[in-house]
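# Just the structure for this:
(2 chains)
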Amino acid sequence: MREPFPFSAIVGQEEMKQALMIAAVDPSVGGVLVFGDRGTGKSTAVRALAALLPPMRVVRGCRYHCDPAAGAGLCAECQSLPAPRAEEMAPVPVVDMPLGATEDRVVGALDLERALVNGEKSFEPGLLARANRGFLYIDEVNLLEDHLVDLLIDVAASGENVVEREGLSVRHPARFVLVGSGNPEEGELRPQLLDRFGLSVEVSTPQDIASRIDIVRRRDAYDRDAAGFAAKWAPEDAKLRQRIEAARALLPAVEAPDQVLEQATRLCMALGTDGLRAELTLLRAARALASLSGETVITDRHVQRTAASALRHRLRRDPLDESGSTTRVTRAMAEVFAA
Amino acid sequence: MSDPAEISGAWTDAVEAMTLFAVDPNGTGISLRAPAGPVRDAWMAGLEAALPAGTRRRKMPATIGDAALLGGLDLAATLRAGKKIAQPGFLEQADGGVVVAMMAERLPAGTASILAAALDDGLLRTSPGPDGEGKRCRFSVLALDEGIEDERLCPALLDRLAFHLDLSAVSRHDISGAGPNPAAIAAARHMLGRVTLGDQALEALCTTAATLGAGFVRAPLLAIKAACAAAALAGREVATMEDAALAARLVLAPRATRLPAQEPDASDTQDQPDPPADSKPNDPDSDTATDMPPEGAEMLLEAAKAAIPAGLLAQLTGAEPFRPAKTGPGKAGARQKGGQRGRPASVRAAAPGPGLRLNLIETLRAAAPWQRLRIAEKPGGTGRIRLRREDFRVTRTEQLARTTTIFLVDASGSSALNRLAEAKGAVELLLADCYQRRDQVAVLAFRGRAAQLLLPPTRSLVRAKRSLSSLPGGGGTPLAAGLEAGFLLAETVRRAGNTATLVLLTDGRANVTLAGTGGRAEADEEAALAARRLRAAGHRSLLVDISPRPNEQARRLAGEMGALYLPLPFASAAAVSGAVRAASGRP
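Okay, the predicted model is just below:
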């Protein structure tokens, strides 16, 4: 297996990297949507991040990578096991969901092999099961078939996949960080699915020749000798890993002062973002960012640095208005934080 | 491409690209745009000689399903053997070889994205192997694109193929020169691992790619690969500027989305009245072009420029940035799609296969009555249910057909004088409506001598709006050509399993015939004929009369095409919107 491209070797794309790291620290932020040009390292970054994350503890042999330490939310099989469950370590999964995936592949289906050979009725887990506690990556998410979008909306909200078909009745945990990427020119994303993504970032091809050359040089070096390149960046990656681990430990202790909450609320009101989800996501993202920088109190600065990612895709949008949502968030921020 | 020198150049370039590809084929590929025929055959024969002996080439039909592509359970064999028998997927079997994608322009976006992802890192991530990672499959792609006009290969895949060749203008007589030299290629392949590219060449390739707007990051990377292959062929351990120049010509030039600006002031604005459709606001349009190219880049630019055929820019600015293969591969594809996805509808007897899901309960029910007989026929085998092929039942699924609203806009001089602007306003309101209903929209305009597809069916309303607002007016009214184009598009939409609604905005005064000549009477007659054809095909339509006063000609045309007639003088934008809703049969 070839080493994945090191996360720390990715040139630029700071907002995308920040959003992915926030999602890694606090998965409850609810997924990252990356919109932008082809070839900006979207899928590279997702895989790199997953490879960077410390391996997780799982119940041995569990098809859903259940967390042995978790009290609730285990799959039925793990629940039936006696208390000290055998454990093993597993890498954080990154599961690709192809555009043309059938419903069977996504939610799982009757295990044909066992049904036909042994006459047993058993469940063959699908992509959602494999993605539990990891990342579900959908390239060109805006071109996804509608019925798959419906499925995802449901599962992403409940964290549970319920299968009722072909005489099967199975429910299993499916908590994952949804990472979607696409190019908005190629089609719109359903508003309901848009809303499920906690953060959204816009990526673009770097403007200046120098960083382009830098990117090409690193990529070329990696293509020639993946292992050597990964080894060279291993210390940097290790630092990042420690930072994420430390942030995860710190996260519950991070406080949100009333005055910061108020500012966040005022920002959301100024932008007219619907519902509580926007404020909640903004707060969670700011908290994760604070913990990433080792701070125990959220400040205005954290809110400001996450506001664009957390809010830009939630603005009530006139489909014919071409003025960028990023501009609108920036403008609202200037007003709210100046006051 | 009509210049004979250019044509023979296309052939020589194609042979050179083939040679470089043969030196280092892994993880990349060639897109060959050419009709099936002697030229393509000659090129393919050359490639066969160039590739190492025993390289597997596997033809992949565009209609290949995901199941066949990725493999799965071999149902018949499993049943027979009574144990699991896996069927390797097409890509797995292609490991180490060349996937020849037939009719590549018809490849659905889903299939193309699987190929693209596998090309990236040589792994099939969607079907995990024993270690939980993807199965190993390193292959290269030869995409045979037989598309005409704007049918083309899915950009996600095209972007990953190093060489984009176009031999459609080359005829058998243009084929000349020697083919590739297999011995030299074999030697180069041995040497390839040692070849490096100097900093100057690397920077020059990056700069050239940026100046040509050739895309990032794959274009420069593929060019580097090609330059190294060229160096290996020449027996050099360090690729020189000469190798880089060849790579720029073969890899970067065909991807150019803009010509290098020699006099950035005049020529640029003249040739590109609007930013090309695919340049996003953040595209490094202006700043990189004005950057002084470093030393060496200029030389590569010259090489690349020489390879850009004249008149390409005109195509480029009109070219589609992307057209998702929504239509799928023809009728068979549409049917298969209907079988694979969507809501369960009914059950029928058929063997499960790619895209057909076995309905186990119904299968068992079908088999049940025969069990005693079958056991009596062939005793033994304890307790197993005896299934036969004819028992298989599959679930049929159906998908809600989506509506595509086709705007057919008369942009001729007479309408422009009248109320084209007003009509545009009405259309924008309709667009907002389409957005709410999640309809697709397409925009066709006709003026002068012919109709033009401004926007193929899309859900991107922003693009629809942009293409409308930049629509110029003036010229004659080739009404028949417009209706013809609308009819063809509506048929395409229908073949994809969707419903088309046509909204025709015109004053009904045809004065240009299909042949492009003037003549009111003849043009009228042709328009009426085209209109009747639309009605016969049963496409729902609406005619918005944009003449200053309701006009008998337009009303008659609406009658011929069975369309709802709506004179704009009385129609507020909101009324038009309501009428479209009624025409498409929705509340």
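# going forward, measure contacts between C-alpha atoms and count neighbours the same way
Noted.
# got the contact list for the longest helix anywhere in chain A?
Longest helix of chain A, by residue count under DSSP state H: helix A:226-250. Contacts to helix A:226-250, defined as CA atoms under 8 Å, 6 or more residues apart in numbering or on different chains, come from residues A:2-9, A:21, A:24-26, A:52-54, A:221-222, A:288, A:291-294, A:296.
# when you check chain B, which of these turn up near it?
Filtering those for neighbours of chain B using CA under 8 Å from any CA of the partner chain leaves an empty set.
# List buried members of these by neighbour count.
Neighbour counting over these (16 or more other CA atoms under 10 Å in any protein chain shown) leaves A:4-9, A:21, A:24-26, A:52-54, A:222, A:288, A:291-292, A:294, A:296 as the buried ones.
# circling back: helices or strands next to the next helix or strand after the longest helix of chain A in the packing?
Downstream of helix A:226-250, the next assigned helix or strand under DSSP states H and E is helix A:258-271. Contacts defined by 3 or more CA pairs under 8 Å, 6 or more residues apart in numbering or on different chains; DSSP states H and E place helix A:258-271 against helix A:277-292, helix A:300-311, helix A:325-338.
# looking at these, which is buried most?
helix A:277-292 (a mean of 25; mean count of other CA atoms under 10 Å in any protein chain shown).
# quick one: it to helix A:300-311, angle?
Taking axes from the mean of the first three to the mean of the last three CA atoms, to 10 degrees, one finds helix A:277-292 and helix A:300-311 inclined to each other by 130 degrees.
# what separates helix A:277-292 from the chain centre, distance-wise?
14 Å (CA atoms, centre = their mean, to the nearest Å).
# So which residues on the stretch 401-550 of chain B come close to chain A?
B:Ala432, B:Tyr435, B:Thr458, B:Arg459, B:Ser460, B:Leu461, B:Val462, B:Arg463, B:Lys465.
# For the third one, give me phi and psi.
Note on B:Thr458: backbone dihedrals following degrees, to the nearest 10 are phi -150, psi 160.
# Hmm, it is touching B:Gln440, no?
Yes - in this structure, B:Thr458 is within contact of B:Gln440 by CA atoms under 8 Å, at 5.2 Å.
# how much space between the residue nearest to A:Leu261 when sequence neighbours are not counted and B:Gly193?
Among residues not flanking A:Leu261 along the chain, A:Leu283 sits closest, at 7.5 Å (CA to CA, 6 or more residues apart in numbering or on different chains). As judged by CA to CA, to the nearest Å, A:Leu283 and B:Gly193 stand 51 Å apart.
# just B:Met103 next, same as before
B:Met103 is 34 Å from B:Gly193, by CA to CA.
# what's the answer for B:Ala45, then?
Counting by CA to CA, the gap from B:Ala45 to B:Gly193 is 27 Å.
# what do you get for A:Asp96?
A:Asp96 is 32 Å from B:Gly193, by CA to CA.
# Who has more neighbours out of these two?
A:Asp96 (21 against 13; other CA atoms under 10 Å in any protein chain shown).
# The more buried one and A:Val141 touch, don't they?
No - if you go by CA under 8 Å, A:Asp96 and A:Val141 don't touch, sitting 11.2 Å apart.
# just the helices in the stretch 401-550 of chain B please.
B:413-417, B:420-437, B:461-469, B:479-495, B:520-537 (DSSP state H, counting those that start in this stretch).
# Of all the residues in the fourth one, which ones are buried?
Buried residues in helix B:479-495, counting neighbours by 16+ other CA under 10 Å, are found at B:479-487, B:489-495.
# and it, what's its mean pLDDT?
Taken as a whole, helix B:479-495 has an average pLDDT of 87.
# tell me the contacts of B:Met102?
Counting by CA under 8 Å, 6+ apart, B:Met102 touches B:Lys59, B:Met60, B:Pro61, B:Ala62, B:Ala143, B:Leu144, B:Asp145.
# Now the fourth one: closest residue in space that isn't a chain neighbour?
The shortest distance from B:Ala62 to any non-neighbouring residue, by CA to CA, 6+ apart, is to B:Leu107 (4.8 Å).
# Need the phi and psi values for the one you found.
According to degrees, to the nearest 10, B:Leu107 has phi -60, psi 120.
# A:Pro4 now?
Dihedral angles (degrees, to the nearest 10) for A:Pro4: phi -70, psi 160.
# wouldn't it be in contact with A:Ala51 here?
Yes - look at A:Pro4 against A:Ala51 with CA under 8 Å: they come within range, at 7.0 Å.
# The closest residue to A:Glu77 other than its chain neighbours: neighbouring residues, count only.
Of all residues not flanking A:Glu77 in the chain, A:Cys62 sits nearest, at 7.8 Å (CA to CA, 6+ apart). Residues near A:Cys62, counting by other CA under 10 Å, number 17.
# What distance do you get for A:Cys62 to chain B?
Distance, A:Cys62 to chain B, by CA to the nearest CA, to the nearest Å: 13 Å.
# Isn't that residue up against A:Gln79?
No - A:Cys62 sits out of contact with A:Gln79 when judged by CA under 8 Å, with a separation of 10.9 Å.
# re earlier: want to throw the helices and strands packed on helix A:258-271 into JSON lines with mean pLDDT?
Formatted as JSON lines, the helices and strands packed on helix A:258-271 follow (pLDDT from 0 to 100):
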{"stretch": "helix A:277-292", "mean pLDDT": "92"}
{"stretch": "helix A:300-311", "mean pLDDT": "90"}
{"stretch": "helix A:325-338", "mean pLDDT": "82"}
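# okay if I get these as a markdown table plus distance to B:Thr19?
A markdown table is the format used below for these (distance: least, CA to CA, whole Å):
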| stretch | distance to B:Thr19 |
| --- | --- |
| helix A:277-292 | 51 |
| helix A:300-311 | 47 |
| helix A:325-338 | 47 |
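# All the strands of the stretch 51-200 of chain B, in order from the start?
For the stretch 51-200 of chain B, applying DSSP state E, counting those that start in this stretch gives strands covering B:57-60, B:71-73, B:86-88, B:98-101, B:123-128, B:134-136, B:140-145, B:163-166, B:196-197.
# Briefly note if stretch B:205-225 comes near chain A.
Yes - using CA under 8 Å from any CA, stretch B:205-225 reaches chain A at B:Cys206, B:Thr207, B:Ala210, B:Gly215, B:Phe216, B:Val217, B:Arg218, B:Pro220, B:Leu221.
# can you list contacts of whichever helix in chain B runs longest?
Longest helix in chain B by number of residues, with DSSP H as the criterion: helix B:4-23. By CA under 8 Å, 6+ apart, the surrounding residues in contact with helix B:4-23 are B:1, B:29-30, B:43, B:46-47, B:50-52, B:163, B:165-167, B:169-170, B:174-177, B:179-180, B:185-186, B:188-189, B:192, B:226, B:229-230, B:233, B:250, B:309.
# Not counting its neighbours along the chain, what's nearest A:Thr273?
The nearest residue in space to A:Thr273 (CA to CA, 6+ apart) is A:Leu315, at 5.4 Å.
# residues in contact with that neighbour?
A:Leu271, A:Gly272, A:Thr273, A:Asp274, A:Ser325.
# residues touching the last one, list them.
Going back to what we said before, that points to A:Ser325. A:Arg312, A:His313, A:Leu315.
# The second one belongs to a strand, doesn't it?
Looking back up the chat, that one is A:His313. No - assigned with DSSP: H, G, I helix; E, B strand; the rest coil, A:His313 falls outside any strand and is coil.
# That one reaches A:Glu202, doesn't it?
No - at 10.3 Å, A:His313 does not count as touching A:Glu202 under the criterion of CA under 8 Å.
# Among the contacts of helix A:226-250, which lie within helices?
In helices, defined here by DSSP H, the members of those are A:Met21, A:Ala24, A:Val25, A:Leu52, A:Ala221, A:Tyr222, A:Ala288, A:Ser291, A:Leu292.
# Give me the distance between the second one and A:Gly31.
By that I understand A:Ala24. Taking CA to CA, one finds A:Ala24 at 9 Å from A:Gly31.
# Kindly report the same for the fifth one.
Note on A:Ala221: its distance to A:Gly31, by CA to CA, is 31 Å.
# was I right about B:Arg152 contacting B:Asp145?
Yes - the pair B:Arg152 / B:Asp145 is scored as a contact, 7.0 Å apart, by CA under 8 Å.
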